[in-house]
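Peer 1: Pasting a predicted model and its sequence here:
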Amino acid sequence: MIYAHTGEPDQALALIEHLLTIPGPWVFQGSITLSDLRIRWQWDPLRDDPRFQKILEGPEPKTIY
């Protein structure tokens with residue numbers, strides 16, 4: 001979230017893609033899911049980014065244990 005709010009979308013998106021594939025809990029926030037990305041206002045800085053839209057439109061990534 002910090003990367004998203006500080007104008008570093010590349011780092012934010014790389015971390016989001018990684019966090020979606022690992023089992024939770026995610027530090028300080030619980031787990032991160034596609035639902036979380038779709039509804040939480042904290043992700044608004046990334047809403048117009050085509051890469052973020054592609055993540056939201058895709059299937060829930062498989063968890064890597």
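Peer 2: That came through fine.
Peer 1: Find the residue at the geometric middle of the chain.
Peer 2: I16 (3.5 Å; C-alpha atoms, centre = their mean).
Peer 1: any idea which helix or strand carries it?
Peer 2: Here I16 is covered by helix 9-19, with elements defined by DSSP states H and E.
Peer 1: State the mean pLDDT of the helix or strand D36 falls within.
Peer 2: Using DSSP H and E, D36 sits in helix 34-39. Mean pLDDT, computed over helix 34-39, is 92.
Peer 1: Show me which positions of that helix end up buried.
Peer 2: For helix 34-39, a neighbour-count test (16 or more other C-beta atoms under 10 Å) marks L34, D36, L37 as buried. C-beta here means a position set from N, CA and C on the backbone, and glycine is covered the same way.
Peer 1: just for this structure, where's the confidence low?
Peer 2: For the chain, the stretches with pLDDT under 70 are 24-31.
Peer 1: follow-up on the earlier one: quick check: buried residues in the helix holding I16?
Peer 2: Applying 16+ other C-beta under 10 Å to helix 9-19 flags P9, A12, L13, L15, I16, L19 as buried.
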